[in-house]
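In: take a look and give me a structure for this.
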Amino acid sequence: MTGPTDDAAIDAPATPDEATPGAGRADDEPPALLTEPLDVPFPAAGIVRAVRRRADASQRELARFARVHPATVGRIESGALTPSLAMLSRIVGTAGYRLVVVDESGAVLMPMRDGADLRDGAERRYPSHLDVVTDPRPGEWWADIYGLARPPETFYRNRDVRDALRRRSQWEVRVAKYRTVPPPPDPQRCGYRGGPPIRW
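Out: Residues are numbered from 1 along each chain as shown. Okay, the predicted model is just below:
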């Protein structure tokens, strides 16, 4: 059983810095970090208790709303059980909350969209860390050296080409950020739409 001070801390008004990441700080100051070091246990117990407070629900009521056993809620709040993502998502959903992934400054990580027509011949997704190239031209496919028929889409295996394309794209799109930075080399001027041909 928890003391009254524990639940009271949940509803305590936040200071401007706590309410909005980076609020009230100068531009040259680093952003306020929202997370603890990675070796700190995930605060599932506190999150479930906070959800129960917002939903104004007992453990039995929360368990019924989330379709879990009442003892499960009690074990989570006591720290004896770490819920799965699916279970925690159902629990926080009872109070209208959603699970998201954010970085240390609070920016939300948006999930990648899965394009149904951007898969290889075996219907597999392309590697997430590589950039997909639709309608590749000669030299843009890593297997061009073998004389095979070019697929309708592929990806850059050459990290140097990929990184050069990304740097150039960022410089062209984020004008305000890179206004005083000289332009990086343009891979498009090498005669290939996606940069120089892959060399082995």
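
In: distance check, the residue lying farthest from the centre of the chain against Val173.
Out: The C-alpha centroid of the chain is most remote from Gly147, which lies 38.5 Å away (CA atoms, centre = their mean). Distance, Gly147 to Val173, by CB to CB, to the nearest Å: 36 Å. All C-beta spots, glycine's among them, are computed from the backbone N, C-alpha and C.

In: ok, now Asp144?
Out: For Asp144, the distance to Val173 - CB to CB - is 29 Å.

In: which one's more surrounded, these two?
Out: Neighbours were tallied for Asp144 and for Val173 using other CB atoms under 10 Å; the higher tally belongs to Asp144 (16 against 9).

In: quick one: the helices in the chain, in order.
Out: Taking DSSP state H to define them, one finds helices in the chain at 4-10, 16-19, 44-55, 59-66, 70-78, 85-93, 159-173.

In: once you drop chain neighbours, what's closest to the most centrally placed residue in the chain?
Out: For the chain, the residue nearest the mean C-alpha position is Leu109 (2.8 Å; CA atoms, centre = their mean). The shortest distance from Leu109 to any non-neighbouring residue, by CB to CB, 6 or more residues apart in numbering, is to Val101 (4.3 Å).

In: cool, Val51 as well?
Out: Of all residues beyond its chain neighbours, the one nearest Val51 is Ala95 (4.7 Å), with distances taken as CB to CB, 6+ apart.

In: need phi/psi at the one you found.
Out: phi -100, psi 10 (degrees, to the nearest 10).

In: okay, now it: neighbour count?
Out: Residues lying near Ala95 (other CB under 10 Å) number 17.

In: ok, now which ones touch it?
Out: Residues in contact with Ala95 (CB atoms under 8 Å, 6 or more residues apart in numbering) are Val51, Arg52, Arg54, Ala55.

In: hmm, 7 Å instead?
Out: Applying CB atoms under 7 Å, 6 or more residues apart in numbering, we find Ala95 in contact with Val51, Arg54, Ala55.

In: highest neighbour count among those?
Out: In terms of neighbours by other CB under 10 Å, those top out with Val51 at 22 neighbours.

In: hmm, that one is touching Ser89, no?
Out: No - using CB atoms under 7 Å, Val51 is not in contact with Ser89, being 11.2 Å away.

In: pull the number of nearby residues for the residue nearest to Leu109.
Out: For Val101, the neighbour count with other CB under 10 Å is 9.

In: now Glu104
Out: Look at Glu104: counted by other CB under 10 Å, it has 12 neighbours.

In: ok, now Val73?
Out: By other CB under 10 Å, 27 other residues sit near Val73.

In: any low-confidence regions in this structure?
Out: By pLDDT under 70, the weakly predicted segments of the chain are 1-40, 116-117, 187-200.
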